[in-house]
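Novice: give me a 3D structure for the following:
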Amino acid sequence: MITVHLRNLGMTPQKIRLIAKLIRGKKADEAVIQLQAANKRSSIPMLKLLKSGIDAAKRKDMDEKSLVISELIVNEGPKRKRGYAMSRGHVGTITKRSSHISLTLSVPAVVEKEKEVTVPAEQKSKTPKVKTPVAIKKSVGKKSTTT
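Specialist: As a prediction, the model looks like this:
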């Protein structure tokens, strides 16, 4: 498992998450193609980060064809506040947002072992109680006769 980080990227997390949704859970090769075709400004740093993760996996002798994006997290970074002049001496604020991206690449397990369900010994010895049906008597009300 390889994790790469990109800190203090000068783009809002909301815009980066649009691209992150496209590639989350895909194979690394498919994600590269998807990012190259995306017409978003935030796809460029995401592509650089993904290629950096693929290179790091190569250095650790992992098969790059079988790499999968197992986790992709986009968090808020520090905010910078700027001011601009408004009428009557007021100052408006502009918030410059930044992002932190964390990308985890992994090789999926080829054979997943099935978990065996074991029943505790206490439950094996107990026999379930069977409820016997109870006869219900219907109560018949008196008929009122009016003449």
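Novice: list the buried residues for stretch 66-75?
Specialist: By 16 or more other CB atoms under 10 Å, the buried positions in stretch 66-75 come out as Leu67, Val68, Ile69, Ser70, Leu72, Val74. Bear in mind the C-beta positions are built from the backbone N, C-alpha and C, glycine included.
Novice: the fourth one reaches Thr104, doesn't it?
Specialist: Yep, that's Ser70 we're talking about. Yes. Between Ser70 and Thr104 there is a contact under CB atoms under 8 Å: 5.1 Å.
Novice: got any residues that touch both of those two?
Specialist: Met1 (CB atoms under 8 Å, 6 or more residues apart in numbering).
Novice: ok, and what's touching the longest helix anywhere in the chain?
Specialist: Secondary structure of the chain per DSSP state H: the longest helix is helix 43-59. Contacts with helix 43-59, where a contact means CB under 8 Å, 6+ apart, come from 2-4, 6, 9, 11, 16, 19-20, 23, 28, 31-32, 35-36, 64, 67, 69, 101, 103, 105.
Novice: ok, of these, which come out buried?
Specialist: 2, 4, 6, 9, 11, 16, 19-20, 23, 28, 31-32, 35, 67, 69, 101, 103, 105.
Novice: inside helices: which ones of those?
Specialist: Checked against DSSP H, the buried ones among the contacts of helix 43-59 include these in helices: Ile16, Ile19, Ala20, Ile23, Ala28, Ala31, Val32, Leu35.
Novice: how about the third one, what does it touch?
Specialist: When contacts are counted by CB under 8 Å, 6+ apart, Ala20 touches Met46, Leu72, Val74, Ile101.
Novice: swap the cut-off to 7 Å and go again
Specialist: Leu72, Val74 (CB atoms under 7 Å, 6 or more residues apart in numbering).
Novice: can you tell me how far it is from Arg41?
Specialist: To Arg41, Ala20 is 14 Å away according to CB to CB, to the nearest Å.
Novice: same check on the first one?
Specialist: As judged by CB to CB, Ile16 and Arg41 stand 10 Å apart.
Novice: equivalent analysis for the last one, please.
Specialist: Between Leu35 and Arg41 the distance, using CB to CB, works out to 12 Å.
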